[in-house]
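Engineer: Pasting the sequence and the predicted model now:
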Amino acid sequence: MKTAVIVFPGSNCDRDMAVALRRATDRAPVMVWHKDAALPEGLDMVAIPGGFSFGDYLRCGAIAARSPVMRAVTEFAVKGGIVLGVCNGFQVLIEAGLLPGALMRNAGLRFVCRDVHLKVETASSPFTSCYQPGEIIRMPVAHHDGNFIASPELLVRLDAEDRVAFRYAGVEGRAAAAANPNGSAADIAGVLSENRRVLGMMPHPERHAEPAHGGVDGARLFESLAGAMAR
Ligand SMILES: NC(=O)CC[C@H](N)C(=O)O
């Protein structure tokens, strides 16, 4: 299985992403600099990591989305390649037009850095097949622009097409309103593309991928990917 992690100036989760992918696939990913116009041959998937690409200038992910490498990533996705974008990676995928909606400033206007609970909405994707639909899992978020905005039509369509991968979820003993850290429409934390092979999500699965992280719920996302790539 051959994977790649795209690196922009200001990426800061690229190495965590690489460790999680190596752990799940037994092979170190290729680190691809944003100026490369082509992706390595024979890739099974591409990950766009979190961080502060280009200092979050203009809008988070807007400049990164226009990097030379993103043309190659778009081509890869259009051909059916698997692409994962986490946090800033999700912002880049939206700015590149590979996922719908927008990510705006958090409703509370603050950077939010804490664990959240998520409901797994679908197991039918290369990213979520190792979870149970409806399962509640825990992962960290760390962002200031994670407020997912979509038109009422798009929200209906995402549900109808089973393309909401994760929703912020309340857990017993905590107020439900506190569950959504950023004001996202319909509590959406992650969405799939039409062909289900591109996922963008604000929470960080690579930061809860081994026991030393204090949580392992993210590991199954990488195991799901490894399984999908092996097929
Ligand atoms: N951890 C991240 O990827 C953060 C993304 C972006 N810089 C934000 O704060 O919204």
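Structural biologist: Alright, I've got the coordinates. Because the structure is predicted, anything quoted here is derived from the model rather than measured. Numbers count the residues shown, from 1 in each chain.
Engineer: Now do the phi/psi pair for the nearest residue to Val7 once chain neighbours are set aside.
Structural biologist: Distance criterion CB to CB, 6 or more residues apart in numbering; nearest residue to Val7, sequence neighbours excluded, is Asp14 at 4.9 Å. Quick note: C-beta positions are derived from backbone N, CA and C, even for glycine. Phi and psi for Asp14, reported as degrees, to the nearest 10, are phi -60, psi -40.
Engineer: Doesn't Cys60 belong to a helix?
Structural biologist: No. Assigned with DSSP: H, G, I helix; E, B strand; the rest coil, Cys60 falls outside any helix and is coil.
Engineer: and the residue nearest to Val7, how many neighbours does it have?
Structural biologist: Counted with other CB atoms under 10 Å, the neighbours of Asp14 add up to 22.
Engineer: I figured it hits Met31, correct?
Structural biologist: Yes. Judged on CB atoms under 8 Å, Asp14 makes contact with Met31 at a distance of 6.8 Å.
Engineer: what touches both of the two?
Structural biologist: Common contact partners of Asp14 and Met31 (CB atoms under 8 Å, 6 or more residues apart in numbering): Val5, Val7.
Engineer: Would you mind listing what in the chain touches the ligand?
Structural biologist: Gly50, Gly51, Phe52, Asp56, Cys60, Cys87, Asn88, Ala142, His143, His144, Asp145, Gly146 (CB under 6 Å from any ligand atom).
Engineer: Which members of the residues you listed are positioned in helices?
Structural biologist: Counting by DSSP state H, the part of those found in helices is Asn88.
Engineer: for the residues of the chain next to the ligand, which one is nearest Ala178?
Structural biologist: Gly146 (15.0 Å; CB to CB).
Engineer: and that closest one, what are its phi and psi?
Structural biologist: The phi/psi pair for Gly146 (degrees, to the nearest 10) reads phi -120, psi 10.
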